[in-house]
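S.K.: below is the sequence, then the predicted model.
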Amino acid sequence: MSVPIQTLDNYLKYEVSRAASKAPYHQYQQVLLLDTVPSTNLYAHELLTSADSLQNRRWGELSVIATTQQTHGKGRLNREWVAPAGSSLCASVIVRPHANPAHRIAPEQYHWFTVLLALAAIDTLNSWGIEAHLKWPNDVLIGDKKCCGILAQIAVESAENLSAIVGIGININLEPEEFPVPTATSVLAATQRPRSLDEALEKICENFAQRYEDFARVNGIPSALQRHGISLLDSVRTKMSTLGQRVVIELPDGQKTYGVAEDINDDGEIVITTDSGISQSYAVGDVIHLRSA
């Protein structure tokens with residue numbers, strides 16, 4: 001693993017004590033920036049699982065580890081996520097709900113953190129004037145092309161304490177000729193304007209912290225009403241372009257099911273009415289949009 005080139009922790013503590021409302025990371029205990037790293041998720045996982053509970057207290061409830069060069073990143077289904085240095089932002093948010101006695105989020109609800117981070121990315125893109133939407137389960141698309149992927153894993157700190165590591169890779173200043181696949185895109189391609197990776201990290205972290213706080217206040221119940229009288233489930237429904245689409249879902253065993261994506265349920269599963277008229281829900285699988293229903 002690489003050596004951190006900068007830690008903002010001391011600076012951020014000063015900012016919190018002086019004017020917390022102005023500090024973009026004021027809800028984060030640690031912000032660690034790495035020059036290069038194989039994978040921010042793996043780096044965070046090693047940190048959390050190789051230390052004792054007393055040492056891990058330094059990560060607080062939320063912390064973030066970020067880099068502009070990830071050499072062996074992985075996405076869903078173990079797909080490689082690689083981009084030229086400085087063109088994309090790769091970050092992992094460490095989420096430790098057990099560090100805050102006021103928050104009671106059951107570990108079986110931790111999978112919603114990936115959705116929260118996807119929504120935070122969409123919030124950020126929207127603030128830049130970019131129309132973005134969610135493709136089930138947690139890909140962020142601009143138009144019909146992927147700009148951002150998210151992957152989470154559990155870190156077992158102890159028998160009592162489970163934490164989540166939620167990684168995000170977002171194409172910021174990737175040029176079209178650098179796209180790894182034809183279905184990829186970037187902020188630069190969508191707007192013809194480069195963006196600061198620092199600004200991207202700040203905005204995504206700020207938006208995630210707010211969405212996480214809203215989720216934690218209702219004890220991690222996706223159907224519970226949050227601020228502004230809308231639940232997480234309904235927030236997802238308004239942003240998920242998969243709903244209403246004719247799709248094919250490719251299952252891990254190679255089987256394919258065709259139908260119309262109707263909804264997501266309280267477990268985050270996609271509900272599909274198959275071509276044979278049967279309503280089925282799926283927790284895993286690769287969804288391909290075919291055409292509007």
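M.R.: All right, it came through fine.
S.K.: for this structure, what helix or strand is lowest in average pLDDT?
M.R.: Sorting the helices and strands of the chain by mean pLDDT, DSSP states H and E puts helix 9-19 at the bottom, at a mean of 34.
S.K.: wait, Lys135 sits on Val287?
M.R.: Yes: counting by CB atoms under 8 Å, Lys135 touches Val287, with 6.8 Å between them. All C-beta spots, glycine's among them, are computed from the backbone N, C-alpha and C.
S.K.: joint contacts of those two?
M.R.: Thr242 (CB atoms under 8 Å, 6 or more residues apart in numbering).
S.K.: where in the stretch 51-200 of the chain is pLDDT low?
M.R.: 72-84 (pLDDT under 70).
S.K.: centroid residue for the chain?
M.R.: Leu117 (3.3 Å; CA atoms, centre = their mean).
S.K.: that residue falls within a strand, correct?
M.R.: No: Leu117: not assigned to a strand; according to DSSP: H, G, I helix; E, B strand; the rest coil it is helix.
S.K.: so what's it up against?
M.R.: Counting by CB under 8 Å, 6+ apart, Leu117 has contacts Val93, Asn138, Ile150, Val166, Ile168, Ile204, Phe208.
S.K.: tell me the one among those nearest to Glu269.
M.R.: Asn138 (12.9 Å; CB to CB).
S.K.: test my guess that that closest one contacts Gly167.
M.R.: No: using CB under 8 Å, Asn138 is not in contact with Gly167; the gap is 10.9 Å.
S.K.: what sits in contact with each of these two?
M.R.: Contacts common to Asn138 and Gly167, judged by CB under 8 Å, 6+ apart, are Ile150.
S.K.: next, count neighbours for Pro252.
M.R.: As a burial measure, Pro252 scores 9 neighbours (other CB atoms under 10 Å).
S.K.: can I assume it is in contact with Gly285?
M.R.: Yes: with contact defined as CB under 8 Å, Pro252 counts as touching Gly285 (7.1 Å).
S.K.: which positions within the longest helix along the chain qualify as buried?
M.R.: When the chain is scanned for its longest helix (criterion: DSSP state H), the result is helix 197-217. Residues of helix 197-217 classed as buried: 197, 200-209, 211-212, 214-216 (neighbour count, 16 or more other CB atoms under 10 Å).
S.K.: just those residues now: which is nearest Ser279?
M.R.: Phe215 (27.2 Å).
S.K.: need the contact list for that closest one.
M.R.: Ile105, Trp112, Leu116, Pro222, Gln226, Leu232.
S.K.: any chance of TSV for the residues you listed, columns neighbour count, secondary structure and distance to Gly86?
M.R.: Listed next are those as TSV, based on neighbours: other CB atoms under 10 Å; DSSP: H, G, I helix; E, B strand; the rest coil; distance: CB to CB, whole Å:
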residue	neighbour count	secondary structure	distance to Gly86
Ile105	21	coil	35
Trp112	24	helix	31
Leu116	25	helix	27
Pro222	21	coil	36
Gln226	18	coil	36
Leu232	23	helix	34
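S.K.: and the residues you listed, which is closest to Ser39?
M.R.: Distances from Ser39 to these, taken by CB to CB, are shortest for Leu116, at 20.7 Å.
S.K.: which residue packs closest to that closest one, ignoring adjacent ones?
M.R.: Arg211 (4.6 Å; CB to CB, 6 or more residues apart in numbering).
S.K.: wait, doesn't the one you found sit right on Thr114?
M.R.: No: using CB under 8 Å, Arg211 makes no contact with Thr114, being 11.7 Å away.
S.K.: and the gap between the closest residue to Lys145 other than its chain neighbours and Ala159?
M.R.: Closest residue to Lys145 apart from its sequence neighbours, by CB to CB, 6+ apart: Thr185 at 3.8 Å. Distance of Thr185 to Ala159, computed by CB to CB, to the nearest Å: 43 Å.
S.K.: higher neighbour count, these two?
M.R.: Thr185 (20 against 6).
S.K.: contact partners for that one?
M.R.: Ile142, Gly143, Lys145, Lys146, Cys147, Asn171, Phe179.
S.K.: and with 10 Å instead?
M.R.: Leu141, Ile142, Gly143, Asp144, Lys145, Lys146, Cys147, Cys148, Asn171, Leu174, Pro176, Phe179 (CB atoms under 10 Å, 6 or more residues apart in numbering).
S.K.: could you do Thr114 as well?
M.R.: So Thr114 contacts Arg76, Pro137, Asn138, Ile150, Leu151, Ala152, Ala164, Val166, Gly167, Ile168, Gly268 (CB under 10 Å, 6+ apart).
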